[in-house]
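**Q** model the structure of this input:
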Amino acid sequence: MNKERLKKLLYDLDTTTKDLNKSLQLVKKYSDNSELKSEFSNSLKYKYLRLFIIYEDFISMLSKEYNQYEIGMTIDKAAFDLNLYKKNIK
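**A** Sure thing, here's the model as predicted:
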């Protein structure tokens, strides 16, 4: 497994999680101001998308590690295949 890539994913996950929490706090704090709330909500959408991409990269990395990777594979299929693989090696 590419340890440098894993370290970067963990760093990105930590950073994105902190950013999400900060945005959630701001939405709560400024919930009475519709313009700010709208801006913070848009920011949250971007950050959730970024989080999904991090998860997608991690699942792809695991799939490659266990030789389960296929081009065009969905996240659901990859997670299912990895779960089956894990059950079969026990």
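**Q** and M73, which of the three is it?
**A** coil (DSSP: H, G, I helix; E, B strand; the rest coil).
**Q** now it: how far from K8?
**A** In this view, M73 and K8 are 22 Å apart by CB to CB, to the nearest Å. (Glycine included, C-beta is placed from N, CA and C.)
**Q** more neighbours: which of the two?
**A** Taking other CB atoms under 10 Å, M73 and K8 do not tie; M73 has more neighbours (16 against 13).
**Q** got phi/psi on that one?
**A** Main-chain dihedrals, M73, degrees, to the nearest 10: phi -70, psi 140.
**Q** ok, it - contacts?
**A** Going by CB atoms under 8 Å, 6 or more residues apart in numbering, M73 touches S63, D81.
**Q** in this structure, which helix or strand is least confident?
**A** Least confident helix or strand of the chain, by mean pLDDT, DSSP states H and E, is helix 75-88 with a mean of 70.
**Q** find the nearest non-adjacent residue to Y55, please.
**A** I75 (7.4 Å; CB to CB, 6 or more residues apart in numbering).
**Q** now do L44
**A** Among residues not flanking L44 along the chain, S23 sits closest, at 5.0 Å (CB to CB, 6+ apart).
**Q** what's the burial count for the residue lying closest to D81 once chain neighbours are set aside?
**A** Nearest residue to D81, sequence neighbours excluded (CB to CB, 6+ apart): Q68, at 4.8 Å. Q68 has 17 neighbours, counted by other CB under 10 Å.
**Q** ok, now the one 3 residues further on?
**A** Other residues near I71 come to 4 when the count uses other CB under 10 Å.
**Q** how close does M61 sit to R50?
**A** Distance, M61 to R50, using CB to CB: 17 Å.
**Q** same question for L13.
**A** Going from L13 to R50 by CB to CB gives 10 Å.
**Q** and K77, by the same measure?
**A** 22 Å.
**Q** kindly report the same for M73.
**A** As judged by CB to CB, M73 and R50 stand 21 Å apart.
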